[in-house]
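> here is my input; please provide its structure:
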Amino acid sequence: MPLRLAVRDIAFFERPVRFARPFHFGAVVIIATPQLFVRAEVEIEGKGKFVGAGAELLVPKWFDKRPQFSPDDTVAELRRSLLIARDIYLGHSGFERRSACMPRAFRRRSRRAGQRTSRRLRPPMARPRSTRRFLTRCCAAPA
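Numbering: from 1, shown residues only. Below you'll find the model as predicted:
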């Protein structure tokens, strides 16, 4: 029987990060950027509650390299994508199969919720690799 989980809480925290040396990324030189921390609480049906955390840098121009947007605009778009993702995850109170948290289901939910994201930045970015590892570990945890 597939495991079912419910996302109970998602919290964001940020801190500024200054690099020791400038980082050249295409046409952009980055000397500082925010680092976002995500704390998630999930409940797995029949197994209990689990809390996990992950962190990612909000690097300017990482996903959206269109020249009409400033580096600050692209970081703001990353934050907006994360808020949309959090709203969608927390908008469901019941247990769902783990696959409901995957990209295809996420895009379907996003369309249903009437949310729009930029052409190149998709909400699944808000579920980084560290979050997938956390969910996988929770689902494999002994009862």
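> show me where the chain has helices.
With DSSP state H applied, the chain shows helices at 71-90, 103-112, 129-140, listed in chain order.
> any idea of the mean pLDDT for the second one?
Regarding helix 103-112, the rounded mean pLDDT is 55.
> same deal with the longest one?
Averaged over helix 71-90, pLDDT sits at 88.
> now for that helix, which elements pack on it?
Secondary structure elements in contact with helix 71-90, counted by 3 or more Cβ pairs under 8 Å, 6 or more residues apart in numbering; DSSP states H and E, are strand 4-25, strand 28-44, helix 103-112. From N, CA and C alone the C-beta is placed, and that goes for glycine too.
> who does the second one pair up with?
Applying DSSP bridges, strand 28-44 is found paired with strand 4-25 (antiparallel), strand 48-57 (antiparallel).
> tabulate those strands in TSV, adding columns for distance to D72.
As requested, the strands paired with strand 28-44 are arranged in TSV below (distance: least, Cβ to Cβ, whole Å):
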stretch	distance to D72
strand 4-25	13
strand 48-57	15
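> quick one: closest of these to Q68.
Nearest to Q68 among the strands paired with strand 28-44 is strand 4-25; the distance by Cβ to Cβ comes to 17.7 Å.
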